[in-house]
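Colleague: Quick one, structure for this:
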Amino acid sequence: MTPTSVKASTSVTFCTLIALAGFATFSIHDALIKTLQAYSLFQIGFFAVLFSFVPFTLFIAVQREQILLRPNQPKLVAVRCVSIFGSMVCAFYAFKSLPLAQAYALIFAAPLLITILAIPVLKERVKWYRWMAIIIGFMGVVIVLNPGTQAMTPGHAAGMAAAFFSATTAVITRKIGSGESSLTLIVYPLLVNLSICALAMVWVYQPMSGQTLAIMCSIGLLAVLGQAMLIFAYRNAPAQYIAPFQYSQMLWAVIIGALFFNESPGTNVWLGSLVIILSGVMIVWRELTTSSTKPILSTRNFRVVSGPAAYSSETDEQRIDETPNPETRATD
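Modeller: Numbering: from 1, shown residues only. Purely as a prediction, here's the structure:
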């Protein structure tokens, strides 16, 4: 093994550890949301986004990109903002209502939905390999839901809706990312989330103790910290080695759920989660190693809901180098 290859291997290992720390940070973020049972989703969302807004404002102040906030495709930017808001509210509700492991299992269906939505939105042709992964993944969702033995609850519906909204956000970002500035894609979702939650709080606000306010502050800051770790990992290691590790959050969900919320996932959750993870890894790895253009899944953790999506240098390079291709492309 040459010194260069040793250095590269060490770099990938270090970045993988940073990514694992980032995903663990998001798991703590989600657990803190679950502790705020007495408070409205809108109140939690407002303060979580507010406390993530300050670090991102500093990012805007120091970055070199020209300040350009007028969107080139305002309708799609608006749809993306709505989908980000929907993913935040639905994920928060799922975390509050369901055991953490069960909520993750449903939300992790997002890569399956991304593949399906890419057909009408991105004009992709999905070949048999991905259809097989999609079918396997949805079998896993059915196993987790375990129809006939447990009642469907609003929490289950919220988890599936969060996966759908996250997938919608990802596909729209892929469609418009090369034509919009990163500031446009960051600032507008922040403002939409803050505005809607602020309006809703007129009816649902409850006074908070200092401890509760500190928890909400921590939720926002953890979102920023987790994103920063993932951006570092994606910038310094091949994406196919990082993206599959998002499923490590399932392990953290089990540990945190058992230690702090007296949760014990049933056999159906374990089995269904393994099936969903298998199908998700099949799709992620296939896309990152065979896609002829910039993969949808390569620079994102689609479970991030409280803060705006942050982008790695790969995505910025894509905006410069990539030109829209109107022709239909095939994906395996």
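Colleague: Quick check: end-to-end length of stretch 69-76?
Modeller: This stretch, stretch 69-76, spans 14 Å end to end (C-alpha to C-alpha, to the nearest Å).
Colleague: dump the residue contacts of the closest residue to Ile277 other than its chain neighbours.
Modeller: Using C-beta to C-beta, 6 or more residues apart in numbering and skipping the chain neighbours, the partner closest in space to Ile277 is Tyr247 (4.7 Å). From N, CA and C alone the C-beta is placed, and that goes for glycine too. Shown in contact with Tyr247 (C-beta atoms under 8 Å, 6 or more residues apart in numbering): Phe108, Ile277, Gly280, Val281.
Colleague: Ala233 now?
Modeller: Cys15, Thr16, Ile18, Ala19, Gly22, Ile242.
Colleague: Hmm, Pro238 and the fourth one touching each other?
Modeller: No. At 11.7 Å, Ala19 and Pro238 do not qualify as touching, with contact defined as C-beta atoms under 8 Å.
Colleague: the more surrounded of those two?
Modeller: Ranked by neighbour count (other C-beta atoms under 10 Å), Ala19 and Pro238 place Ala19 first, with 25 against 14.
Colleague: ok, back up a step: just give me the least confident of the contacts of Ala233.
Modeller: Of all the contacts of Ala233, Ile242 carries the smallest pLDDT score, 78.
Colleague: so how many other residues sit close to it?
Modeller: If you count neighbours by other C-beta under 10 Å, Ile242 ends up with 26.
Colleague: Surely it touches Tyr234?
Modeller: Yes. Ile242 lies in contact with Tyr234 (C-beta under 8 Å); the separation is 5.8 Å.
Colleague: Mutual contacts of those two, please.
Modeller: Ala19.
Colleague: returning to what we had before: so which of the contacts of Ala233 sit within strands?
Modeller: Among those, no residue falls in strands (DSSP state E).
Colleague: Out of those, which is nearest to Val187?
Modeller: Among the contacts of Ala233, Gly22 lies closest to Val187 (C-beta to C-beta), at 22.7 Å.
Colleague: Show me what counts as buried in stretch 44-53.
Modeller: Ile44, Gly45, Phe46, Phe47, Ala48, Val49, Leu50, Phe51, Ser52, Phe53 (16 or more other C-beta atoms under 10 Å).
Colleague: So the residue nearest to Met229 when sequence neighbours are not counted versus Leu100, what's the distance?
Modeller: Distances taken as C-beta to C-beta, 6+ apart put Gly22 closest to Met229, at 3.2 Å, once the chain neighbours are dropped. Counting by C-beta to C-beta, to the nearest Å, the gap from Gly22 to Leu100 is 17 Å.
Colleague: do Val281 as well
Modeller: Val281 sits 20 Å away from Leu100, going by C-beta to C-beta.
Colleague: Same list (the contacts of Ala233) but as TSV, adding distance to Phe165.
Modeller: Formatted as TSV, the contacts of Ala233 follow (distance: C-beta to C-beta, whole Å):
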residue	distance to Phe165
Cys15	29
Thr16	28
Ile18	27
Ala19	23
Gly22	21
Ile242	23
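Colleague: Out of those residues, which is nearest to Ile196?
Modeller: When the contacts of Ala233 are ranked by distance to Ile196 (C-beta to C-beta), Gly22 comes first, at 27.2 Å.
Colleague: Provide a list of residues in contact with the closest one.
Modeller: By C-beta under 8 Å, 6+ apart, Gly22 lies in contact with Leu225, Gly226, Gln227, Ala228, Met229, Leu230, Ala233, Asn301.
Colleague: Using a markdown table, lay out those together with secondary structure, distance to Ser218 and pLDDT.
Modeller: Formatted as a markdown table, these follow (DSSP: H, G, I helix; E, B strand; the rest coil; distance: C-beta to C-beta, whole Å; pLDDT from 0 to 100):
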| residue | secondary structure | distance to Ser218 | pLDDT |
| --- | --- | --- | --- |
| Leu225 | helix | 10 | 88 |
| Gly226 | helix | 12 | 88 |
| Gln227 | helix | 15 | 84 |
| Ala228 | helix | 15 | 82 |
| Met229 | helix | 16 | 88 |
| Leu230 | helix | 18 | 84 |
| Ala233 | helix | 22 | 85 |
| Asn301 | coil | 18 | 49 |
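Colleague: Most neighbours of all the residues you listed, which one?
Modeller: With neighbours taken as other C-beta under 10 Å, the top of the contacts of Gly22 is Leu230, carrying 28 neighbours.
Colleague: ok, and the closest non-adjacent residue to it?
Modeller: Spatial nearest neighbour of Leu230, excluding adjacent residues (C-beta to C-beta, 6+ apart): Gly22 at 4.5 Å.
Colleague: For Cys90, which non-adjacent residue is spatially closest?
Modeller: Ala162 is the one closest to Cys90 (C-beta to C-beta, 6+ apart), at 3.8 Å.
Colleague: follow-up on the earlier one: which one of Val281 and Leu100 has more residues nearby?
Modeller: Legend: neighbour count by other C-beta under 10 Å for Val281 and Leu100, higher for Leu100 (27 against 17).
Colleague: Check which helix or strand the nearest residue to that one once chain neighbours are set aside maps to.
Modeller: Of all residues not flanking Leu100 in the chain, Ala253 sits nearest, at 3.9 Å (C-beta to C-beta, 6+ apart). Here Ala253 sits within helix 248-260, counting by DSSP states H and E.
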